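Chemist: Sequence plus the predicted model coming up.
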Amino acid sequence: MTNRLLVVINEISISLKLFGGNLAASLQLLISSILETLSYKSTGMADGGEDAPKVSISDTETWEKNKRFTVYKVLVSAEGNTWFIFRRYNEFHQLYDKMKKLYPEAGLKLPGKKLFGSFDPDFIRHRREGLHDFIQKLLVHPQMSQNTEVRTFLNLDDARREPGGVTGLADAVETMDIDDKEGADHGTVTLGDTESKSARPSDFDFVKVIGKGSFGKVILSKHKSDGKVYAVKVLQKAHILKRNEAKHIMSERNVLLNGVKHPFLVGLHFSFQTKDKLYFVLTYVNGGELFFHLQRERCFPEPRARFYAAEIASALGYLHSLNIIYRDLKPENILLDSQGHVCLTDFGLCKENIKDLGTTSTFCGTPEYLAPEVLRKQPYDRTVDWWCMGAVLYEMLYGLPPFYSRDTSEMYDHILHKPLKLRGSISAPAKNILEGMLQKDKSMRLGVQNDFQDIKNHPFFASINWTHLDEKRIKPPYNPNVSGPMDLKHFDNEFTREPVPASVGKTPGGMVSASVAEADMAFEGFSYVPAPQDAFDF
């Protein structure tokens, strides 16, 4: 029956190819999927036995270990167990080269390499789909599916992999059991003197999801005892440890502590943890992302752009005074509070302990705002933040980043080589400061000599009283007009429509405390409660 059905569907498929058109193309895609499924079943590969693994490339993640790279999540079901493996593209390519030589008649295809733009979401999605198709062809081929290289790639014969177990692989290849249950203990830590009886998830009402990231969610939350409203960032320990990001999370916590009193940085009220989650209790601001407002208005008048740029510069200057480089300035990380003042958020890519002439070389940031020296993987210093600020200011004035292209590799080429073009619709001081901050040679960039003072003293900011600015005595040029803390009109519906996970409000048995023996020191010192004199004012 299955074989006959395959023949009939294949004949329909051939007819559709001849017919052409959009409808035919859609039907052709559907039928190709049906053919693949039936072929899979007809070869006896879907019975759930030892010789019948089911595999999909279910997701991707971006990791950073010396340099930034993408890994592909390979989900495998076989022998009654399910697990996943993280593989890099080069590993797929190595397997492809070996199989192509052994089985040239199979007509294997693999998505191509890309020198630039390999972190572009569309490119990653297309590559993931291509890698998924490649794996399916291996599985339906009688010989390739049993090949030792294929079985090793999928970890089918690893004696260390047991039901419910974790298989450790070197470098970026990491295999974990898929059954990562809520409440699993991913390392207890000593809270010491900072432990707070009030800092428990069960003490909050978690109202709405207002943001998402790689490791968790940001949730609008109300403290049950006093009714105060916070933005609580809830992170999964397992996700953080899996990607070796504990250092960045602790860096974010440290930066938040240092910046708790600054008017244009989101403040940390306290932080705590359970066995499986970390909680940042942050100042809640609901004026929306600068990105949200730019999308709606396309660009800003120069006075409005100058106001935001001044508050951003003040925040960056403050971080630099603490020997911290921000490294990820972009409109999505710039929030407006209910009055319209700037609040920088998301400090996960900050680099600490970079003094006046200090440098770092980690490749990180967001493509549109990367400085040339970062793209060249050269050592860079705090002037990288002034490049990013120049790119954001340019976008506020013109509507797009300065070297933007839909083709990421072309955009990178523009950042490295294309001269800066400034249209005549802005003032001479505005043009001059953009030329200074977007100087490709960092040794000539505005800010290289006296850092924030160079920015502060530029004629573009001549009308700014910096003392009044930091005291929030300058009226913002735009008022978000929110009716109260529960007014979510400036948040993306993509987030607010999402249900709040029930697990975030639970305090699981075995709440971490000072008496718990240390099993994993990855998040030691994470929990924080301010002394009364340092508490954030409302």
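Modeler: Yep, it's here.

Chemist: For residue 91, pull up the helix or strand it's in.
Modeler: Per DSSP states H and E: residue 91 is located in helix 89-102.

Chemist: Also residue 234?
Modeler: Assigned by DSSP H and E, residue 234 falls in strand 229-236.

Chemist: CA atoms only for that strand, dumped as CSV, please.
Modeler: Output of strand 229-236 as CSV, limited to C-alpha atoms (Å, rounded to 0.1, in the frame of the first residue of the first chain):
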residue,chain,number,x,y,z
VAL,A,229,6.4,46.8,40.5
TYR,A,230,9.6,45.4,39.0
ALA,A,231,10.9,43.9,35.8
VAL,A,232,12.2,40.5,36.9
LYS,A,233,14.7,38.9,34.5
VAL,A,234,14.4,35.1,35.0
LEU,A,235,17.3,33.0,33.6
GLN,A,236,17.7,29.2,33.3
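
Chemist: helices or strands up against that strand?
Modeler: Other elements packing on strand 229-236 under the criterion 3 or more Cβ pairs under 8 Å, 6 or more residues apart in numbering; DSSP states H and E are strand 204-212, strand 216-223, strand 277-282. To be clear about C-beta, it is placed using only N, CA and C from the backbone, and glycine gets the same treatment.

Chemist: Just want the angle from the second one to strand 277-282.
Modeler: For the pair strand 216-223 and strand 277-282, the angle between their directions (axes from the mean of the first three to the mean of the last three Cα atoms, to 10 degrees) equals 60 degrees.

Chemist: oh, and call the first residue 16 from now on, that's how I've got it
Modeler: Right, with 16 as the first residue, what we last looked at is strand 231-238.

Chemist: Tell me which strands strand 231-238 pairs with, and in which orientation.
Modeler: Sheet pairing of strand 231-238 (DSSP bridges) gives strand 219-227 (antiparallel), strand 244-251 (antiparallel).

Chemist: any idea of the mean pLDDT for the first one?
Modeler: Mean pLDDT, computed over strand 219-227, is 90.

Chemist: go on, the last one?
Modeler: Within the predicted structure, the mean pLDDT of strand 244-251 is 91.

Chemist: Check stretch 276-288 too.
Modeler: Stretch 276-288 shows a mean pLDDT of 86 in the predicted model.

Chemist: how long is it from one end to the other?
Modeler: Stretch 276-288 has an end-to-end distance of 23 Å (Cα to Cα, to the nearest Å).

Chemist: looking at this protein, which helix or strand is least sure?
Modeler: Lowest by mean pLDDT, DSSP states H and E among the helices and strands of the chain is strand 190-192, with a mean of 31.

Chemist: looking at the strands paired with strand 231-238, which is closest to residue 348?
Modeler: Smallest distance to residue 348 across the strands paired with strand 231-238 (Cβ to Cβ): 10.9 Å, for strand 219-227.

Chemist: Look up how far residue 453 lies from the nearest residue to residue 147 once chain neighbours are set aside.
Modeler: In this structure, residue 147 finds its nearest non-sequential neighbour in residue 72, 4.1 Å apart by Cβ to Cβ, 6 or more residues apart in numbering. As judged by Cβ to Cβ, to the nearest Å, residue 72 and residue 453 stand 39 Å apart.

Chemist: got it, and residue 493?
Modeler: For residue 493, the distance to residue 453 - Cβ to Cβ - is 25 Å.
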